[in-house]
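Novice: fold the following, please.
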Amino acid sequence: MAKQVKVKEPVRIRTKKLANGNESIYLDLYKDGDRVYEFLKLYLIPEKSKADKEANRKTLELANAIKAKRIVELQNNEHGFKTNTTRSKMNLIQFVLHLADEQLAKSGNKRSYYYTLHSLAKHLEAYAGDKITFTKVNTEFVKGFIAYLRTAMNFNYENSEKKSKYEVLSQNTQHNLYKKFAWVIRKAMQADIMAINPLDKIDNTDKPKPEDGQREFLTIEEIKRLMNTPCEDDMLKCAFIFCCLVGLRYSDVKKLVWNDLYEDNEGAIILRIRVTKTKRCEDFPISKEALKWLPERIGSGDEKIFKLPKNDNSNRKLKHWCTLAGITKNVTFHVARHTAATLNLSLGVPIETVSKLLGHTKISTTQIYAKVIDANKKAAVHKQDGVFD
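Specialist: As a prediction, the model looks like this:
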């Protein structure tokens, strides 16, 4: 009997257990002699129902399809077939602008993507000219772009009233531009323009970071004021306060349907959704206070709970509503999520629990809110200084 030879797979699917019980799927492969881990942003969820099993089956199908694609790419490169040679000569800036137009054409709020991508295109041109092809986009190119961002001028500088404030890019703007650049590169890989992600070899310590602890949020007193202040869009008012209590993003609350809510064995109301940003299935327990802000159910289970305007229009209405309530903070819809985090921490909910409630994959993300609360406590104490002089 002939001895069976076990063939070593060039690409393997592996999973990593996450703190919330889900499993992150990634590929373990070799490229140019280096071992590479490619996280697919696909997740297996605990199988509590037939729907969960079916969701996992579809997720694994997609993971296997990506694996098969990577094997073909590796084999083509090994045998000298460069499937993306022509595409790699595409112009980077033109591709960025194409993605901007594509995002604007999509339904929902993509206008922020559009403007940020146009800003990214301007900065890429200022850094390396307007004839950048993808063949030039390697790790050294990325490192140079990061260095450029640290000292880059703000293109809105000439039109700004406070020139000293807007002369150079803020830390948060650098971070946002880099995030969009990384997103563009991922899109290029999906389109077979690039085979290797040059950002994989960038150390995390070198990547632009957001400003630490810069999170706008509402206090309990401010939430009460909003509750008692009329809003031109009552549905928006209900959705915003609901999110202040639950911690949902705008992208998730706008697509909620009544079937997303269910009652567990203990009688608690749970909201189960696949989060738009992370693509993970998450459970959000709903408090009695939050339930008060759900509109009256009319229609079938597939009907949307909140019928909301686009995000930029929502933010305009929010600002007007906050002004009527005497709140001068820069309030956008995302402030509701920050508010939910700080509200729970202020009420003594353990940080680990708050992290799970918000669906954070890293406790360090939740710790940002804890630092904000600590800073506010210090500021409150220092208000005593000089009172008794």
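
Novice: can you tell me what sits against the helix or strand containing residue 147?
Specialist: Using DSSP states H and E, residue 147 sits in helix 139-151. The contact list for helix 139-151 (CB atoms under 8 Å, 6 or more residues apart in numbering) reads 123-124, 126-128, 168-169, 174, 177-178, 181, 198-199, 201-202, 206-208. To be clear about C-beta, it is placed using only N, CA and C from the backbone, and glycine gets the same treatment.

Novice: let's see that with 6 Å instead.
Specialist: Helix 139-151 has contacts (CB atoms under 6 Å, 6 or more residues apart in numbering) with 127, 174, 198-199, 201-202.

Novice: can you report phi and psi for residue 257?
Specialist: phi -120, psi 160 (degrees, to the nearest 10).

Novice: just to check, it is in contact with residue 302?
Specialist: Yes - if you go by CB atoms under 6 Å, residue 257 and residue 302 touch, sitting 5.4 Å apart.

Novice: pLDDT below threshold where in the stretch 251-389 of the chain?
Specialist: The stretch 251-389 of the chain contains residues with pLDDT under 70 at 360-361, 363-366, 368-389.

Novice: and the residue most central in space within the chain, which of the three is it?
Specialist: Taking CA atoms, centre = their mean, the centroid of the chain lies closest to residue 277, which sits 4.9 Å from it. Here residue 277 is recorded as coil under DSSP: H, G, I helix; E, B strand; the rest coil.

Novice: distance of it from residue 260?
Specialist: Separation of residue 277 from residue 260 (CB to CB, to the nearest Å): 16 Å.

Novice: equivalent analysis for residue 140, please.
Specialist: Residue 140 sits at a distance of 47 Å from residue 260 (criterion: CB to CB).

Novice: helix, strand or coil: sort out residue 188 for me.
Specialist: Going by three-state DSSP: residue 188 is helix.

Novice: enumerate every residue touching it.
Specialist: Taking CB under 6 Å, 6+ apart, one finds residue 194 in contact with residue 188.

Novice: the chain: strands as residue ranges?
Specialist: For the chain, the strands defined by DSSP state E cover 11-17, 23-31, 34-44, 261-263, 269-274, 281-286.

Novice: ok, which of those strands comes nearest residue 216?
Specialist: strand 281-286 (21.8 Å; CB to CB).

Novice: so what strands line up beside the closest one?
Specialist: With DSSP bridges as the test, strand 281-286 is paired with strand 269-274 (antiparallel).

Novice: residues contacting the partner strand, please?
Specialist: For strand 269-274, the surrounding residues in contact (CB under 6 Å, 6+ apart) are 252, 260-264, 281, 283-286.

Novice: contact partners for residue 201?
Specialist: Residues in contact with residue 201 (CB under 6 Å, 6+ apart) are residue 139.

Novice: again, but for residue 14
Specialist: Residue 14 neighbours (CB under 6 Å, 6+ apart): 26, 28.

Novice: residue 140 and residue 260: which is more packed in?
Specialist: A side-by-side neighbour count of residue 140 and residue 260, using other CB atoms under 10 Å, places residue 260 first with 16 against 11.

Novice: on that earlier part again, including distance to residue 351, could the contacts of strand 269-274 go into TSV?
Specialist: Formatted as TSV, the contacts of strand 269-274 follow (distance: CB to CB, whole Å):
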residue	distance to residue 351
252	22
260	27
261	27
262	27
263	28
264	24
281	23
283	19
284	18
285	17
286	21
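
Novice: how many other residues sit next to residue 174?
Specialist: The number of residues packed around residue 174, counting by other CB under 10 Å, is 22.

Novice: same check, this time on the one 5 residues further on
Specialist: The criterion is other CB under 10 Å. On that basis, residue 179 has 15 neighbouring residues.

Novice: any chance of the strands of the chain in a markdown table with distance to residue 320 as columns?
Specialist: Below are those laid out as a markdown table (distance: least, CB to CB, whole Å):
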| stretch | distance to residue 320 |
| --- | --- |
| strand 11-17 | 45 |
| strand 23-31 | 41 |
| strand 34-44 | 37 |
| strand 261-263 | 30 |
| strand 269-274 | 28 |
| strand 281-286 | 28 |
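
Novice: so which of these comes closest to residue 96?
Specialist: strand 34-44 (21.1 Å).

Novice: contact partners of the closest one?
Specialist: Strand 34-44 has contacts (CB under 6 Å, 6+ apart) with 22-27, 29, 56, 59, 63, 279-280.

Novice: what segments of the stretch 151-300 of the chain are helices?
Specialist: Ranges of helices within the stretch 151-300 of the chain are 163-166, 171-190, 220-227, 234-246, 250-253, 288-291, based on DSSP state H, counting those that start in this stretch.

Novice: among the ones you listed, which is nearest residue 95?
Specialist: Within these, the stretch nearest residue 95 is helix 171-190; the backing value is 6.7 Å (CB to CB).

Novice: buried ones in that closest one?
Specialist: Across helix 171-190, burial judged by 16 or more other CB atoms under 10 Å covers 171, 173-178, 180-181, 184-185, 187-188.

Novice: need these in CSV with pLDDT and distance to residue 117, can you?
Specialist: Shown next, in CSV, are the buried residues of helix 171-190 (pLDDT from 0 to 100; distance: CB to CB, whole Å):
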residue, pLDDT, distance to residue 117
171, 88, 20
173, 90, 14
174, 93, 16
175, 93, 15
176, 92, 11
177, 96, 10
178, 96, 13
180, 96, 6
181, 97, 10
184, 95, 8
185, 95, 13
187, 91, 10
188, 90, 13
